[in-house]
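Colleague: I'd like to go over a predicted model; first the sequence, then the structure.
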Amino acid sequence: MAYNEFSLDLLKQRFGLQIDEGIDIFSDVPAVSVSDLLSETIREGVPLALAISTEKARSELIITPILLEVRRQFGQRISFFSGVEFTVDPERGLKGTCDYLLSLSTEQLTIEAPVVAIVEAKNENIKQGISQCIAELVAAQLFNRQRNNPIETIYGVVTTGSNWKFLRLTVDLTEYYIREVEKIVGILVQMIKTVIDGV
């Protein structure tokens, strides 16, 4: 079993999770100013990615530039991983490749302290990506405990590139759209700041 094979029911049974659903959980998070580089990339890349309409195009032209902007917002003091193997507990199914991870460590050679797991929704189906993302959050939380990282809150994101849904083992039912890129970056920045402040 891998992260993308979990259902919400199986996650609840296997890990004793209780899934909370809320609305506008992150609505109070302020938008942030983004770099001219991201603004231009989004202006040019979004129409192209939507016209090409493949996961690869959305990944390269929308998602990755936004995550690199978040890293820039922290002066490259966080690490960014894309398409990495993240096996934490294979016996319980916590294994597989993560689409993206953001970590509090500056180290890029290995994952040290994951705080945000980002899942690219397959076939533009955000709802299906939620189970995979929650499984990755459980794995990241276990990973941090095994390494004595004082990080309890792990955040998640499920995105198509143009739509973004944010999680904290609580699913925010609100979706944010690419036209709100400053808000999307603001929420991602706030997630990391909250963890840094709590450590």
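Modeller: Good, I have the coordinates. Residues are numbered from 1 along each chain as shown.

Colleague: From here on, just use CA atoms for contacts and neighbour counts.
Modeller: Noted.

Colleague: Pop out the phi and psi values for the most centrally placed residue in the chain.
Modeller: Among the residues of the chain, I118 comes closest to the average C-alpha position under C-alpha atoms, centre = their mean, at 2.4 Å. Taking degrees, to the nearest 10, you get phi -120, psi 130 for the backbone angles of I118.

Colleague: Tell me the pLDDT of it.
Modeller: I118 is assigned a predicted lDDT (pLDDT) of 97.

Colleague: can you start the count at 53 instead of 1 from here on
Modeller: Okay, using 53 as the starting number, the last item reads as I170.

Colleague: That one touches L153, doesn't it?
Modeller: Yes - with contact defined as C-alpha atoms under 8 Å, I170 reaches L153; the gap is 6.1 Å.

Colleague: which neighbours do those two share?
Modeller: By C-alpha atoms under 8 Å, 6 or more residues apart in numbering, I170 and L153 have no common neighbours.

Colleague: just for this protein, where's the confidence low?
Modeller: Within the chain, no range satisfies pLDDT under 70.

Colleague: Helix or strand: which one has Q128?
Modeller: Of the helices and strands defined by DSSP states H and E, none includes Q128.

Colleague: scratch that, Q65
Modeller: Counting by DSSP H and E, the element that carries Q65 is helix 60-67.

Colleague: In terms of secondary structure, what does that helix contact?
Modeller: Packing contacts for helix 60-67, counted by 3 or more C-alpha pairs under 8 Å, 6 or more residues apart in numbering; DSSP states H and E, involve helix 178-198.

Colleague: got the angle for the helix it packs on vs helix 60-67?
Modeller: With axes from the mean of the first three to the mean of the last three C-alpha atoms, to 10 degrees as the basis, helix 178-198 and helix 60-67 are set at 10 degrees to each other.

Colleague: buried set for helix 178-198?
Modeller: For helix 178-198, the neighbour count (16 or more other C-alpha atoms under 10 Å) marks 178, 180-196 as buried.

Colleague: residues contacting M53?
Modeller: Here M53 is in contact with 142, 145-147 (C-alpha under 8 Å, 6+ apart).

Colleague: so can I have CSV of these showing distance to E107?
Modeller: Below are the contacts of M53 laid out as CSV (distance: C-alpha to C-alpha, whole Å):
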residue, distance to E107
P142, 27
G145, 25
L146, 24
K147, 22
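
Colleague: List only buried entries from these.
Modeller: Looking at those with 16+ other C-alpha under 10 Å, the buried ones turn out to be 145-147.
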